[in-house]
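Novice: build me a model:
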Amino acid sequence: MMLPERRGDLFILTATLLASAGWLFSKEALNGLPPAGFVGWRFLLAALLLLPFCWRQLLAIPAANLLKAGAVGTIMGMNLLFWILAVSHSEGIGEGAFIMSLSMLMVPLVAWLLFKERPNRAFWTALPIAVSGLFLLTMGSGLSLSLGQLLFLLASLSMALYFNLNSRFARRIPPVALTFLHLAVTGVMNLLYSALFELWPERIPSQTWGWFAASVLLATSLRFACQTMGQKFSNVANAAIIMMLEPVWTVLISVFWYLEPMPPQKIAGCVLILLALLSYRSRNLLAWYRTRWK
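Specialist: Numbers count the residues shown, from 1 in each chain. Alright, predicted model coming up:
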C-alpha cells in the first residue's frame, strides 16, 4: 500500500502537470476566443462549480469582509488579464512560465515596499541569480523587451501584490468561499473588459470549445482539487520543490508542441531562475528538515 506522504507527492505532481497543460489549453483556446473573454468565462464557470460547496459560508461572512475579499480579487483579475494578454502576444509559453515563476521572489520585495517588512538574507542571495537568469532569458541578445515579456513581468508583479494583500486581508474567510469570491471577481472583471474592448468572432470553432472545457475542468477545477489533496498528505518541503517544476514542464510542452526555440542562452537563463528559487526556499526547507529530525 502506498504511504500517505507518497500519495500526497503524486497529487502535487499531478497538479503541476495540469497547471503546465493549462498553459497549452489557454494558448490553443485563444485561436478562437478573445483573451479577456476566455479568462472571464473560464474563471466564472470555475467559480460556479465551487458555489454549491460554499454558499452557506458566503451568507455568514460580514459585508465588510466580503468587500475586502472582493477588492483583493480585483488584483487577481488584473493579474490574469496581464497573463492572458502575455500568452496571446507570445509565440511560445515556456519562457513566460519561467518569468511568471519570479513572482515568488517579488513577494518579499512588494512586502518591503508596502508594509516595511525587510526581506531575509536568502532573498538577497537569490535576487542577483534571478536577475541574471531573467537577463539571459529575455534580453541576452540585446537590450530589448518584447510586449509579451513585459506583460509577463507585469503579471508576475501583480501576482506578488495579490499574494501580499490576500495573506493580510482575507484570513477570516473560509478557504473555499474565498476561492469562489476571487474566481468570480476575476471572471466578471475580465468579461467587463472584454465587453468594452474586445471583438468576439461570429463563429467559434468546435475544437476551441474543447480547449476551453479542458482549461476549466482540468487546468482549473481538477488542478486545484489535486493541489488541495496533495497539500493535505505531502510534507511542506516535498510539495514546495515539486511545485517549482511547473515552468519546467511548461517549457517541455512548448518545445514539443510549438517548437519553441531554446538556445543555450535561454536554457542557462531558465536554470539560473530555477536555482534562485531553490536557494530562496532553502532556508525554509532546511528549517523544516531540522525540526522533523530533531
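
Novice: need the contact list for residue 15.
Specialist: 223-224, 226-227, 230, 243 (CB atoms under 8 Å, 6 or more residues apart in numbering). Any C-beta I mention is one placed from the backbone N, CA and C, and that applies to glycine too.

Novice: any idea which element it lies in?
Specialist: Here residue 15, judged by DSSP states H and E, is contained in helix 4-29.

Novice: mean confidence score for that helix?
Specialist: The average pLDDT for helix 4-29 rounds to 90.

Novice: before we move on, back to that, and of the contacts of residue 15, the nearest to residue 68?
Specialist: The shortest gap between residue 68 and any of the contacts of residue 15 belongs to residue 224, at 21.9 Å (CB to CB).

Novice: let me know the next secondary structure element after the helix holding residue 15.
Specialist: As assigned by DSSP H and E, the chain's next helix or strand after helix 4-29 is helix 35-60.

Novice: which elements pack onto that next one?
Specialist: When contacts are defined as 3 or more CB pairs under 8 Å, 6 or more residues apart in numbering; DSSP states H and E, helix 35-60 packs onto helix 4-29, helix 63-88, helix 175-197, helix 206-216.

Novice: now these in JSON lines, with distance to residue 151?
Specialist: Below are these laid out as JSON lines (distance: least, CB to CB, whole Å):
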{"stretch": "helix 4-29", "distance to residue 151": "14"}
{"stretch": "helix 63-88", "distance to residue 151": "3"}
{"stretch": "helix 175-197", "distance to residue 151": "14"}
{"stretch": "helix 206-216", "distance to residue 151": "19"}
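
Novice: those: which one's closest to residue 268?
Specialist: Using CB to CB, the helices and strands packed on helix 35-60 put helix 4-29 closest to residue 268, at 21.1 Å.

Novice: tell me the angle that closest one makes with helix 206-216.
Specialist: 150 degrees (axes from the mean of the first three to the mean of the last three CA atoms, to 10 degrees).
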